[in-house]
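> mind folding the following:
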Amino acid sequence: MNRISLTLLLAPFTLLAVTGCQEKEEQVAPPVRPVLSHIVSLKRLPVASFAGTVQPRVQTIFGPRVTGLLVARDVDTGDTISQGQLLAALDPTALELAVGSARADLANAEATLANTVSVEQRTRALFKAGTDTQAAVESAEQASAVAQASVVQSKAALSKAEKQLSYTQITAAFDGVVTQTGAEVGQVVAAGAPVVTVARPDARDAVIDVPDGSALLPVGMPFSVSLQINPVMAVTGKVREVAPAADPATRTRRVKIALENPPPSFRLGTTITASRKEAAVEQIVLPATAIFLRDGNSYVWVVEEGDGTVKSREVVTGPPAGEMIVVTSGIDVGMRIVTAGAHSLEEGQKVKFEGGARS
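A predicted model of the protein is given here:
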């Protein structure tokens, strides 16, 4: 086979090899991808506010200390009461009979004591006259001591019966407002069962429910609390209690804000709006679509203005702000960030964006 024939035979393979190399080079170079971008700037975030209600700081449940039939309840929800006022009463018949029985027992014991004392005195006189024995005197003294103990026991029983009788009347221990009633007239109420719940109106809280995972509200943080019906009416307050765990159903934490000298318009149950008392903060915020995850960390694509390529940069994110995400570190003001198509880019890939030529 001559040289010309060999060249002609190898020519197709050479052409295929060259074509394959060209295709490989074209596959290695990623295409220029159009993207949406955003110039990083500081934005003023709105102050966080939460809806809630005015609730009493202290509530006390009043109920009987004995079991009985409820025959009276003189107050209803919303009533203002004063210290010592009668709230409810049980049927006292059985306990009045117990008091009468205890008084009769005491009278019997006192009569027995008087008789034994008289016997003891006569026995002593006879012993001095020599007509009775020392044993008789000692027996009389012992009978007197037993009768004296019986009187003490009867007095204690009477005092207990009278105390039990007093428990049939439920009175207020302080001035307040009735927030709830737990029993109606005609019910048999067990000892310790709630009958009337009274709140102290002088100490009031603004109670709000904060979504779990939002910015922490430490104890002592100042708030401005205003009425929803009249936002002009506002008072200050400080966080005094934060629930240690979120509610499993709503995934919110209950926060109680102690109100400072609230006016009468902040009545119990009134709907309020609590806003954090802080200056508006300027922070870097990006659309959520600009953030992508890699190995559990957050990244953004930064467009290099010189050659129009993208470079990933790790960022630290803060709490969400609606559809935006706060970025606390990792990027600077003035950078161009890819905001759409972040999941389809590669390191060093060229991009073009609206308002700019291929860059």
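> domain parsing of this protein, as residue ranges.
The chain breaks down into these domains under automatic domain parsing: 30-45+282-353, 49-56+203-276, 66-90+168-198, 93-166.
> show me where the stretch 101-250 of the chain has helices.
134-166 (DSSP state H, counting those that start in this stretch).
> where does the prediction get shaky in it?
Per-residue confidence for the stretch 101-250 of the chain (pLDDT under 70) gives these ranges: 213-216.
> what are the ranges of the strands in it?
Listed in chain order, the strands of the stretch 101-250 of the chain (DSSP state E, counting those that start in this stretch) span 169-171, 176-181, 188-189, 196-199, 204-211, 222-227, 234-242.
> looking at these, which is buried most?
strand 196-199 (a mean of 22; mean count of other CB atoms under 10 Å). The way it works is simple: take the backbone N, C-alpha and C, and place the C-beta from them, glycine included.
> re earlier: and the strands of the stretch 101-250 of the chain as CSV, adding distance to Thr67?
CSV is the format used below for these (distance: least, CB to CB, whole Å):
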stretch, distance to Thr67
strand 169-171, 13
strand 176-181, 19
strand 188-189, 7
strand 196-199, 17
strand 204-211, 35
strand 222-227, 43
strand 234-242, 35
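> looking at the ones you listed, which is nearest to Tyr299?
Nearest of the strands of the stretch 101-250 of the chain to Tyr299, taken as CB to CB: strand 204-211 at 26.1 Å.
> packing partners for the closest one?
Judged by 3 or more CB pairs under 8 Å, 6 or more residues apart in numbering; DSSP states H and E, strand 204-211 is in contact with strand 49-56, strand 234-242, strand 252-259, strand 271-276.
> can you say which of those strands is packed in most?
Most buried among those, counting by mean count of other CB under 10 Å: strand 252-259, with a mean of 20.
> check what contacts that strand and list those residues.
The contact list for strand 252-259 (CB atoms under 8 Å, 6 or more residues apart in numbering) reads 50, 54-55, 57, 203-212, 217, 223, 225, 235-243, 245-247, 266, 274.
> how about stretch 221-230?
Outside stretch 221-230, the residues within contact range by CB under 8 Å, 6+ apart are 51, 206, 232-239, 257, 259, 265-266, 270-278.
> redo that, cut-off 6 Å
Contact with stretch 221-230 is made by 206, 233-235, 237-239, 257, 271-275, 277, as judged by CB atoms under 6 Å, 6 or more residues apart in numbering.
> same question for stretch 100-117.
Residues contacting stretch 100-117 (CB under 6 Å, 6+ apart): 143-144, 147-148, 150-151, 154-155, 157-158, 161.
> which residue is the nearest non-sequential neighbour of Gly52?
Once flanking residues are discounted, Gly52 sits nearest to Ile208: 3.5 Å by CB to CB, 6 or more residues apart in numbering.
> please apply the same query to His38.
Thr339 (4.6 Å).
> which SSE is that neighbour in?
Using DSSP states H and E, Thr339 falls within strand 336-340.
> can I assume Ala89 sits in a strand?
Yes - remark: Ala89 belongs to a strand, assigned using DSSP: H, G, I helix; E, B strand; the rest coil.
> quickly list what it is bridged to.
Going by DSSP bridges, Ala89 is paired in beta bridges with Ala72, Gln169.
> how close does Ser41 get to Lys352?
Relative to Lys352, Ser41 is positioned 22 Å away (criterion: CB to CB, to the nearest Å).
> what is the strand holding Thr339 packed up against?
For strand 336-340, the elements it packs on are strand 33-39, strand 297-303, judged by 3 or more CB pairs under 6 Å, 6 or more residues apart in numbering; DSSP states H and E.
> mean confidence for it?
Regarding strand 336-340, the rounded mean pLDDT is 85.
> just after that strand, pick out the following helix or strand.
strand 351-353.
> what average pLDDT does that next one get?
In this model, strand 351-353 has a mean pLDDT of 79.
> that strand: how far from the chain's middle?
Its chain's average C-alpha position is 50 Å from that of strand 351-353, according to CA atoms, centre = their mean, to the nearest Å.
> buried residues in that strand?
Buried residues in strand 351-353, counted by 16 or more other CB atoms under 10 Å: 351, 353.
> report the central residue of this structure.
Arg254 (3.0 Å; CA atoms, centre = their mean).
> what's opposite that residue in the beta bridge?
In this structure, Arg254 bridges to Asp209 when assessed by DSSP bridges.
> ok, it to Val210 distance?
When Arg254 is compared with Val210 (using CB to CB), they lie 8 Å apart.
> likewise for Pro320?
According to CB to CB, Pro320 and Val210 sit 14 Å apart.
> distance between stretch 43-60 and the chain's centre?
The answer for stretch 43-60 is 12 Å, by CA atoms, centre = their mean.
> what does stretch 206-214 give?
8 Å.
> and the pLDDT at Ala357?
Value for Ala357, per-residue pLDDT: 39.
> on that earlier part again, pull the number of nearby residues for the residue nearest to His38.
19 (other CB atoms under 10 Å).
> so that it lines up with my notes, have the first residue be 30 from now on.
Sure thing, new numbering starts at 30, so read that last one as Thr368.
> spit out the contact partners of it.
Thr368 neighbours (CB under 6 Å, 6+ apart): 65, 67, 316, 318-319.
> among those, which one has the lowest pLDDT?
His67 (80).
> buried residues in the host helix or strand of Leu322, which are they?
For Leu322, the host element (DSSP H and E) is strand 321-323. Under the neighbour-count criterion of 16+ other CB under 10 Å, strand 321-323 has Phe321 buried.
> likewise for stretch 328-345?
Those would be 328-332, 337-339, 341, 344, for stretch 328-345 by 16+ other CB under 10 Å.
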